[in-house]
Every structure is written in C-alpha cells, then in structure tokens.
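A.B. asks: below is the sequence, then the predicted model.
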Amino acid sequence: MTSETEAIAAVLARVQLLPGARVPLIESLGRFSAHDLWAQRALPPFDNSAMDGYAVQAKSCRGGARLRVIGEQPAGVDRGLTMGAAEAIRIFTGARLPAGADAVIMQEEVMREGDVIVARCDVESGEFIRRQGCDLAAGQKILAGGDQIVAQNIGLLAAQGMAEIDVGALPRVAIVSTGDELARAGAIPLPGQVFESNSVMLHALALGASAKVVMVEQAPDALEQLTETLRHGLECDALIVSGGVSVGEHDLVRPSLGALGAEIALWRVAIKPGKPFLFGRAHGCSIFGLPGNPVSAFVTFLKFVRPALRKMAGASGENLGLRAVPAQIASDLSNAGDRSHYFRGILREGQFIPSGLQESHALFGLSRANALLRLAPGDQLLRGAPVMIETWD
C-alpha cells in the first residue's frame, strides 16, 4: 500500500494548472487569483474627516474659542475650500479635508450661534482625520497569486476601481457512482438496495473545491455500460468514480479504465477509512476512484481530490490542503490498526469531539462533523491531550 504522503505527492505531481480567465469581479468569489495584485490607489485616497463636525486649525480651536464658519464640505466632490486661523468649515464623514485645516472637532463638541461655533474642548492636530494611505499605500500588495478570493477581497478590489480580475479555471468535473445496490432518488428501492447518495455529496464537495460539475451519472455493475459512461467522463478535466474500485468480482472500475487506456498511478492507500483509493490519468483527464462507503468517499475526497482540484484551479501550495487548527480531544482515542485513522468529529470551543459511529458507512455521524483528527498506527491519546485537527468549513 502507498502511504498517504506518497499518495498526495503522486497526485499533485500529475495534475496541471488549467488555463485561467478574466471574469467580472463578482464572479471571482471562491476562485483563485491568477497573479499578484498591487494597489494602484491609496486608501483613503485623500485626507478626510472621520466624523460629522467642523474642520479647524488646532492651534486656534481651544475650549471657549469662537470660530467663524465660512463654508460647508459634504462627502462627495471637493469644493476646493480653503480656511485660515479662527475659521471653521462644516464637514461630514468621508468628506475631503479643506486646505488649511489640520483637525476636525465633532459637532457634539461645539455650540452653533449663526455663522459662529464655540468650541467646548481643546482640539489636537490630526484629530478625527483619516490620513491618505493610512489603510493601504499605493504599491502595496493586496492579493497574492494563488490566494482564494473571498468577499472581503472583492470589496478591496472594487475600492481600487477594478471591474474584472484574472483568475484560475474552474476544473470541469464528471462524477460517476457505481453499483447495482443503488436506487435513484425518487425511485422505490428494491429489496437489498439503498438510495444513492455519494454523487450528490461529491457534487457538493467539488463545488466547494472550486470546480464545475458538468456530468453526474449512475452506472450498474456491467462492464460495457460502465466503460461507456467512464468514456464520457474522460472528456472532463477530472473524473471522480464512487465505488467499484476494490477487489471483488463486481468491482469493475479498474478493468473499465484499462479498456479506455488509463494509466493507473496508484491504488490502495494506507488510511482508514479509504484504503481502496485509485488515481490515474487518461487523455488529459485526472481520474479519482473513491470507495463506495460514503465516509470513505468523503475522507479520500478531502485528502486527495480536493487539493488536486484546487491545484488545477490555480491555488497556491499553502491553499491546497485543509486548515490545521490546534485543539484538545474530548475523549480517549486510540488506533490499534496498521493504517492512519482519520476520526471525524466536531470542533467546538477548542475541543475535538468524535461524532457518532467511526465506521465507513455511518453518514449521520459524518453529517455532524466539521473536522478530522489523524491518529497514526499505534497512537493512544488521553482526554485533554493537545492535537492538531483539520477543518474544511
């Protein structure tokens, strides 16, 4: 069996970055920046008021001072006003600071008497002024190539006047679930059948991995029909097959892929759940064969398929894997097996709490989980032990 470290290295060595595209800014959400971006415009772009009040010269604005109001500067187009000592200009939040002013006094700190204000307190130079570039300097890096774009980034890029951005591609993904035991949603299962759920779960996971799912099919345990379904799947950038990758007489994925000329780079990985994981390539398509048990499919997707899809989509190395978070375990855990065991659990208030049955078929426990904990063979951990867990939300 291949170790998990060797497996992910083999997968990532064989998948390639796909050609990117320029898209409207709002369509970049969740995608990866194609290159580094630097600020072309300082933020704020000019000195402006942080409060509704009056622009003044601090040296002439002391408690009890009377200042003549000579104009008004609202937020918006600069009116080009200039002021001197013992003068004030009515100003509003975000408005450009008039020439000659070096401070703003809040409207609550003055008494207005016609065209005169009386200061109720002393004012210091720079008070309530947002200086040009105090948030972001022109030339400062605002996004690195390979960073995933979130809503906050979109706000910052929009503030730079950007309407479009270069991003990595959305890998085109085909998902095929296999097995005579599977009934489609809405059908009446025959005795011995279960509703097919892996394709829907994998579809959701693929969307979360910045991919575009263009094909979802279900194939029976019939070599000719399965081979034809997989042939269509190979037209995509990635083909994800659920079930049929083990060694039983009805596990037909490997013979089908062989008939299609696929090169199998690895098969069987030393993890639990997920041992019968397969990866190969054919006709420019990356092929991922996942176990049929839903938890095994989920874990192998997170560990091997997700980073591969994100690499295709342009993610940088540090953005490929899951997020590591320190925690303490809420109960004793051990791994007496000879493979790394990924426990599913809930991260809550710094604690990792195992979620439900830790078996490969147990969907309910998986549905509650938001984190994985890896225990190497022979590991024994006591309640309260510090651990590093991986999260995907």
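C.D. replies: Here it is on my side, so go on. Because the structure is a prediction, the values reported are computed rather than measured.

A.B. asks: domain map for this protein?
C.D. replies: In terms of domains, the chain is parsed into 4-17+169-319, 21-43+134-167, 48-130, 323-391 (source: automatic domain parsing).

A.B. asks: flag the shaky bits of the stretch 251-393 of the chain, pLDDT-wise.
C.D. replies: 393 (pLDDT under 70).

A.B. asks: can you do 90?
C.D. replies: 251-252, 356-357, 359-362, 392-393 (pLDDT under 90).

A.B. asks: quick one: the helices in it?
C.D. replies: Read by DSSP state H, counting those that start in this stretch, the stretch 251-393 of the chain holds these helices, from start to end of the chain: 253-259, 294-300, 306-312, 363-368.

A.B. asks: now do the stretch 1-150 of the chain
C.D. replies: Secondary structure of the stretch 1-150 of the chain, counting by DSSP H, counting those that start in this stretch: helices at 4-14.

A.B. asks: quick one: the strands in it?
C.D. replies: Ranges of strands in the stretch 1-150 of the chain, per DSSP state E, counting those that start in this stretch, are 21-24, 37-38, 48-49, 53-56, 66-73, 87-91, 103-106, 110-113, 116-119, 129-130, 141-143.

A.B. asks: hmm, who's touching the third one?
C.D. replies: Contacts with strand 48-49, where a contact means C-beta atoms under 8 Å, 6 or more residues apart in numbering, come from 55, 91, 92, 93, 94, 95, 96, 97, 104, 128, 129, 130. For the C-beta atoms, the positions are set from N, CA and C on the backbone; glycine is no exception.

A.B. asks: in ChimeraX, how would I select the buried members of those?
C.D. replies: Command for ChimeraX that selects the buried part of the contacts of strand 48-49, burial taken from 16 or more other C-beta atoms under 10 Å:
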select :55,91,92,95,96,97,104,128,129,130
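
A.B. asks: got CSV for the contacts of strand 48-49, with pLDDT and distance to residue 213 too?
C.D. replies: Shown next, in CSV, are the contacts of strand 48-49 (pLDDT from 0 to 100; distance: C-beta to C-beta, whole Å):
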residue, pLDDT, distance to residue 213
55, 98, 56
91, 98, 53
92, 98, 49
93, 97, 46
94, 97, 44
95, 98, 49
96, 98, 49
97, 98, 52
104, 98, 54
128, 98, 52
129, 98, 51
130, 97, 45
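
A.B. asks: hang on, the earlier thing: any idea which of the strands of the stretch 1-150 of the chain is most buried?
C.D. replies: Counting by mean count of other C-beta atoms under 10 Å, strand 53-56 has the highest mean neighbour count of the strands of the stretch 1-150 of the chain, with a mean of 28.
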